[in-house]
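[1] model this:
(chains A and B)
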Amino acid sequence: DTEVTQTPKHLVMGMTNKKSLKCEQHMGHRAMYWYKQKAKKPPELMFVYSYEKLSINESVPSRFSPECPNSSLLNLHLHALQPEDSALYLCASSQFGQAKQETQYFGPGTRLLVL
Amino acid sequence: AQKITQTQPGMFVQEKEAVTLDCTYDTSDPSYGLFWYKQPSSGEMIFLIYQGSYDQQNATEGRYSLNFQKARKSANLVISASQLGDSAMYFCAMREGPDGFKTIFGAGTRLFVKA
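    The predicted model follows:
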């Protein structure tokens, strides 16, 4: 089973709202990722958690706040977003190790619109 | 710095024919992994195939095969017997280092399969 789930599928929020995106995997993976993808562009890495600790923060604005409550869950808290933050937000997970174990498996994404 | 290049913004192929999607990469790390993902209009990134830098043989997964030419730093995806459902965006990606989490994606190639 290579399923990563994300909720909600769609989200519309105002610039003063606070919302959260959720991601869950039950593959026993110990690395989880958040990506941002604008239309017709490749995904861009935002954050990486390994063993529930933040490993990579790609200089993302503080209005995005990640959280990893346990090895299966990953949240992205959103506050005071800008219209340019509208994008598809993808969550992924992977195992550690060599070769094909490194493969990241993605969820279906959350389409975010900031008004 | 690592880099992934996909030079074909769009490709057309007739149903049941084979198609090759190009990908070149650049890295100074001897240990790396190369991936191909398919992204339909729904947005989900679907893992297709993996090639490790030390793999001696080209990877194959069903109708997908990877033409890995290490000296040329190319990792082209070959899709045999194209189907209408293959119409999607295809991304080449590279993961650098044995324990590196950073994966970068190429710009993508939009494949259109004609009936």
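[2] For the rest of this, base every contact and every neighbour count on C-alpha atoms.
    OK.
[3] Next one: A:Gln104 from B:Gly43, what distance?
    The spacing between A:Gln104 and B:Gly43, counted by C-alpha to C-alpha, to the nearest Å, is 15 Å.
[4] Those two: which is more packed in?
    Just comparing A:Gln104 and B:Gly43: by other C-alpha atoms under 10 Å in any protein chain shown the higher neighbour count belongs to A:Gln104, 25 against 19.
[5] per-residue pLDDT, the more buried one?
    Per-residue pLDDT puts A:Gln104 at 90.
[6] which residues does it contact?
    Shown in contact with A:Gln104 (C-alpha atoms under 8 Å, 6 or more residues apart in numbering or on different chains): A:Ala92, A:Ser93, A:Ser94, A:Gln95, B:Phe47.
[7] go on, A:Phe64?
    Under the criterion of C-alpha under 8 Å, 6+ apart, the contact list for A:Phe64 reads A:Leu76, A:His77, A:Leu78, A:His79.
[8] quick one: the first one from A:Gln82, how far?
    Noted for A:Leu76: a distance of 15 Å to A:Gln82, by C-alpha to C-alpha.
[9] who has more neighbours, the two?
    Under the neighbour definition other C-alpha under 10 Å, A:Leu76 and A:Gln82 were set side by side, and A:Leu76 has more, 19 against 15.
[10] Which secondary structure state is assigned to that one?
    The three-state assignment at A:Leu76 reads strand, by DSSP: H, G, I helix; E, B strand; the rest coil.
[11] repeat for B:Gly85
    With three-state DSSP as the basis, the three-state label of B:Gly85 is helix.
[12] now the one 5 residues further on
    For B:Tyr90, the assignment made with three-state DSSP gives strand.
[13] ok, the residue nearest to it when sequence neighbours are not counted to chain A distance?
    Counting by C-alpha to C-alpha, 6 or more residues apart in numbering or on different chains, B:Tyr90 lies nearest to B:Lys38, which is 4.6 Å off, once chain neighbours are set aside. Distance of B:Lys38 to chain A, given as C-alpha to the nearest C-alpha, to the nearest Å: 11 Å.
[14] Noted, bye for now.
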